[in-house]
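*Asks:* okay, here's the prediction I keep looking at, along with the sequence it came from:
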Amino acid sequence: MENTTLRRRVLATATATVAVGALAIAGLNGVASAGAPAASTPAVSADSLSPGLLAAMERDLGLDAEAAKTRIAGEYRAAAIAAGLEKSLGTSFAGARVSGDTADLTVSTTDASEAALIEKAGATAEVVGHSLDRLEAVKDALDKAALSKAPKNVPVWYVDVEANRVIVNAASTSAAEVFVKAAGVSDKLITVARSTEQPRALADIRGGDAYYMNPSGRCSVGFSVTRGTQNGFVTAGHCGRVGTTTNGVNQQAQGSFQGSTFPGRDYAWVATNANWVPKPLVNGYGRGDVTVTGSTPSVVGASVCRSGSTTGWHCGTIQQLNTSVTYPEGTISGVTRTSVCAEPGDSGGSYISGSQAQGVTSGGSGNCRTGGTTYFQPLLPALQAYGLTLVTSGGGTPTTPPTTPPPTDQPGGTWAAGTSYAVGATVTYGGATYRCLQAHTAQAGWTPAAVPALWQRI
């Protein structure tokens, strides 16, 4: 801010304070599901990715246009395979990550006998000592301790799936020890990393556009959403409280905050007046807007880009999911840690991979001159919290996946959680046939009859 101030899935130091920002990315269809040989990933057409996005990826990641398209295609395929394997492996699943310019997928397990299943699905298998469930239980205990009392000189903690450990970044070993002891957890699964990072929430209807909180302050729009017939956008919770009014990028009256959560999480939504039309776009800052087509979460190692009203487009990679970070105002949990830079005024802006919306900028350290670390609040928990629907080029995405199917649904059929479906794909479920309306990776509870935004009965 320029003035005063999910659970699952969906290591660095820095001294300068960083701002936050927003952006959107394009997705691919026709991805192989886990548990079966991987199908070939469709090529990304030259016209499907924003020139601005490609330019930012070349500047920040050293990838030319063809390499960027290849990487995004691989990352989308990897996300689909990882989602299916997580479901198949169950309690032995220990995380997934991608690496290299072609986004090669590695999936970890605690059960060596499952290596063949992982490799058959198209990933490299890695056998490790601790499941993701076990590591996240340790992190959950740290989160609970931080809610009671924010740790001193312990800015960040998270599960590192590559190291198969819980990493606690702290100014000193003694500060980390005090925090771990207060949480009542064993240090056997914890690695302490020295850090001078001092993250804080910063904020200085198209994603990445500026908006102004009255009477003062500036943040960035995350993504266009609807709630019933009401239009609006998601942004960072630290940008405003319920009732805070906003002016848009043109300084004209825009709307007001209807919901805001901070600290704990960092999301909010603003309802706009009739003069503002929600678009499935993210500001490309002179290089062409990016169209939002969905919200499939990316995995560790994937490329991700951010659009914000202070620094425009910047790209980097996803370093860790489900991270906890302590700002002066309190601890934020469930954010994603990235190598993308940001500066004040970028807060609330869009994070996107290809055309898949990932989340909104929360806070970080560093700047876009020397580099930094930035955290984003994943999008899906924000949609679920307020009952919102993401505006996409193909319609909306489900907001709160139902925990139980409607009474008329009966199990059975070809639909399966963890599978990636392309627009036009058909499945059977409960004795009926459905056509896919929007490309997505199916999640538990998103059965065809329960989410008409995704499926049409035929």
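*Replies:* Looks like it came in fine.
*Asks:* tell me where the stretch 351-458 of the chain has strands.
*Replies:* 356-367, 371-378, 389-392, 395-396, 420-421, 426-429, 432-436, 440-441, 455-457 (DSSP state E, counting those that start in this stretch).
*Asks:* what packs against the first one?
*Replies:* So the one you mean is strand 356-367. Judged by 3 or more CB pairs under 8 Å, 6 or more residues apart in numbering; DSSP states H and E, the packing partners of strand 356-367 are strand 17-18, strand 200-201, strand 303-308, strand 312-327, strand 330-338, strand 350-353, strand 371-378, helix 379-386. In short, each C-beta sits where N, CA and C put it, glycine included.
*Asks:* the fifth one to strand 371-378, inter-axis angle?
*Replies:* So that's strand 330-338. 110 degrees (axes from the mean of the first three to the mean of the last three CA atoms, to 10 degrees).
*Asks:* off-centre distance for strand 330-338?
*Replies:* 11 Å (CA atoms, centre = their mean, to the nearest Å).
*Asks:* ok, residue 64 - how many residues close by?
*Replies:* 11 (other CB atoms under 10 Å).
*Asks:* for residue 113, same thing?
*Replies:* By other CB under 10 Å, neighbour count at residue 113 equals 9.
*Asks:* next, it: secondary structure please.
*Replies:* Here residue 113 is recorded as helix under DSSP: H, G, I helix; E, B strand; the rest coil.
*Asks:* gap between it and residue 458?
*Replies:* Note on residue 113: its distance to residue 458, by CB to CB, to the nearest Å, is 41 Å.
*Asks:* likewise residue 169?
*Replies:* From residue 169 to residue 458 the distance is 52 Å (CB to CB).
*Asks:* residue 87 too?
*Replies:* Counting by CB to CB, the gap from residue 87 to residue 458 is 26 Å.
*Asks:* neighbour count for the two, which is higher?
*Replies:* Between residue 87 and residue 458, counted using other CB under 10 Å, the more crowded position is residue 87 (19 against 8).
*Asks:* helix/strand/coil for the more buried one?
*Replies:* Assigned with three-state DSSP, residue 87 falls in the helix class.
*Asks:* just checking, it touches residue 417?
*Replies:* Yes: the criterion here is CB atoms under 8 Å, and residue 87 meets it with residue 417 at 5.8 Å.
*Asks:* what about the nearest residue to residue 92 once chain neighbours are set aside, neighbour count?
*Replies:* Nearest non-adjacent residue to residue 92, counting by CB to CB, 6 or more residues apart in numbering: residue 111, 4.2 Å away. By other CB under 10 Å, the residues close to residue 111 number 15.
*Asks:* now the one 5 residues further on
*Replies:* Residue 116 has 10 neighbours, counted by other CB under 10 Å.
*Asks:* before we move on, what about the one 5 residues further on?
*Replies:* Other residues near residue 121 come to 23 when the count uses other CB under 10 Å.
*Asks:* what do you get for the one 10 residues further on?
*Replies:* Using other CB under 10 Å as the criterion, residue 131 is surrounded by 21 other residues.
*Asks:* contacts only, for it.
*Replies:* 91, 92, 93, 94, 110 (CB atoms under 8 Å, 6 or more residues apart in numbering).
*Asks:* quick one, which of those are buried?
*Replies:* 92, 93, 94, 110 (16 or more other CB atoms under 10 Å).
*Asks:* any weak-confidence spans in the stretch 151-300 of the chain?
*Replies:* Along the stretch 151-300 of the chain, the model assigns pLDDT under 70 to residues 201-204, 215.
*Asks:* ok, back up a step: residue 93 is in contact with the residue nearest to residue 92, correct?
*Replies:* No: with contact defined as CB under 8 Å, residue 111 does not count as touching residue 93 (9.4 Å).
*Asks:* okay, and residue 140 sits in which element?
*Replies:* helix 132-148 (DSSP states H and E).
*Asks:* adjacent strands (with direction) for the helix or strand just after that helix?
*Replies:* Following helix 132-148 in sequence order, the next helix or strand is strand 156-160 (DSSP H and E). Strand pairing for strand 156-160, using DSSP bridges, gives strand 165-170 (antiparallel), strand 312-327 (antiparallel).
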